[in-house]
Structure formats: C-alpha cells, structure tokens
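**Student:** give the three-dimensional model of this entry:
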Amino acid sequence: MSETRMIHGFHAITAKLRHAADDVKELFVAEGRQDGRMRDLLKLAAAHGVRVLPVDAARLDMLVGAGGKIHQGAHQGVVARVAAQMKHVDLDDVLEGLTEPALLLVLDGVTDPHNLGACLRVADAAGAHAVVAPKDKSCGLNATAIKVASGAADTVPYVIVTNLARSLREMQEHGLWVIGAAGEAEKDIYAVDQKAPTAWVLGAEGDGLRRLTRDTCDVLARIPMHGSIESLNVSVSAGICLFEARRQRRV
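**Tutor:** Numbering: from 1, shown residues only. Next up, the predicted model:
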C-alpha cells in the first residue's frame, strides 16, 4: 500500500477533490450527518469514485489526533486519506510561462502551521504565484496548515528550498525585485514600486528576517503602524503587502 497522510476539514478536502481527486484514497465522514454541506461533499466524492466510510466521532478524532495535537471535533466531521506526497514544484516551474509579472510570497522562519496555512490562504486571495520557504526554519505543510489554508494548499504552489538566500538571488536573476518587510525600514510599502515582478519576504512575528535574508533583499520596506502595537501577525502582514502590489498593478 502506498504511503498516505490524513487531511481534514470541508475546505481542504473539497479543494483536494476538485484539483487532485486521484490523490484521495478514502473519505471518512461522521455517520448520520445529512446537512447540505455534507451532501455536497458526498456528491463530489461520488462523482470521482472515492470510497466513503461513515464512522463515529471517536474514530474521526483518532484519525487526525496523532499526538493529541488536533482538538476533538476540529476535523468538522470529515477526514480524507490522501497520497502522502504533494506534487513537487521548484522556482523554475513557477516562473516559466507566467502571463503577468510574478508575485511571490517568501516566508523566513515561519514555524507555526496555523500561520503557514493563513499565509497560503492570503496568497491565494491576492493571486500570488507561489509561497516559498526554506527547508529548515519552517513548519512544513502538515494537516493543520492544510486545514487552515481552506483549500489554498492545493491551489498555491508551496516551494521548499534548501538555501533561502541563494534562492532569493535566483529570483533576482529572473528579474524579480526582492522586497523584505522590516519594521525599521526607512521606506514604507506604499513608496516601493511593485509593478515589476516582485517577491515579498516576511519573517515570523517578533523575530523578523534573519540577517543573511535581510542583506540579500533589494530593498526593505515597512508597514506604517498607527497604533500602539509594534508588529502584526505574519499572515496579516503578508495580506497587506501582497494586496498593495495588486493595487499598484491596477493603476
């Protein structure tokens, strides 16, 4: 039997069925649940010939609760067994064939899967072409991140790189303007031209960008803060930066 992993939640499983149905091996659902949301999911599963197994709540909790990391009921009553390996993509795969200036989100040191999932969701909403992260100092695309992403894990390429600074230089060689988000930067995000191919680089809240990452960026920019707090969650910051790039490209 090929290696598999579990994903859970309606958005994540629906997206997987729509974009990579062949990866879905089995669907476990809460027995007796007959609401519209469940009926729609079951109809989609049937259309792709996916085996459906009604099980009790305790079984669902067990399927997703490895190590007790997932709260009971967080699966929303649906769990899918899917192929273990996500499709591998690299920077060249992403950048080749684009019909508009590239827009990438690069995450430096984001280790919380909830933050990764939220960043993927923001990237999808802003039309970013990929999310890039280093192999080390990142959390990886686990079941929690996939659920929080609400389907974006199957629509936004997640590119894992061995050496982030080297990958940023490769982006620069491809003509991308690499902008690092830093609270102490002189320029704010509205003063930086983002109409050209752009890669936004963000660090984890509190820690910010690592020194080598910061030194590799073409320019640093800050989000103007008008209240008493000094920093924002990385996914909130990512949304502000990416949507500013989209705004500039509309004018």
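**Student:** so where's the stretch 51-200 of the chain shaky on pLDDT?
**Tutor:** The model of the stretch 51-200 of the chain has pLDDT under 70 over residues 65-73, 84-88.
**Student:** 80 - rerun?
**Tutor:** Scanning the stretch 51-200 of the chain for pLDDT under 80 picks out 64-74, 84-89, 97, 150-151, 154.
**Student:** how about the helices of it, start to end?
**Tutor:** 57-64, 91-95, 113-126, 143-148, 164-173 (DSSP state H, counting those that start in this stretch).
**Student:** and of the ones you listed, who's closest to Tyr158?
**Tutor:** Distance to Tyr158, taken as CB to CB, is lowest for helix 113-126 among the helices of the stretch 51-200 of the chain, at 6.9 Å. (Glycine included, C-beta is placed from N, CA and C.)
**Student:** hang on, the earlier thing: mind putting the helices of the stretch 51-200 of the chain into a markdown table with distance to Ile229 and mean neighbour count?
**Tutor:** Converted to a markdown table, the helices of the stretch 51-200 of the chain look like this (distance: least, CB to CB, whole Å; neighbours: other CB atoms under 10 Å):
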| stretch | distance to Ile229 | mean neighbour count |
| --- | --- | --- |
| helix 57-64 | 34 | 16 |
| helix 91-95 | 34 | 16 |
| helix 113-126 | 17 | 23 |
| helix 143-148 | 22 | 24 |
| helix 164-173 | 27 | 18 |
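**Student:** export those helices to JSON lines and append columns for distance to Leu41.
**Tutor:** Compiled in JSON lines, these are given as follows (distance: least, CB to CB, whole Å):
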{"stretch": "helix 57-64", "distance to Leu41": "14"}
{"stretch": "helix 91-95", "distance to Leu41": "30"}
{"stretch": "helix 113-126", "distance to Leu41": "19"}
{"stretch": "helix 143-148", "distance to Leu41": "14"}
{"stretch": "helix 164-173", "distance to Leu41": "37"}
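**Student:** out of those helices, nearest to Asn233?
**Tutor:** Nearest of the helices of the stretch 51-200 of the chain (CB to CB): helix 113-126, 6.8 Å.
**Student:** the helices of the stretch 51-200 of the chain: which one's closest to Lys187?
**Tutor:** When those are ranked by proximity to Lys187 (CB to CB), helix 164-173 comes first, at 18.3 Å.
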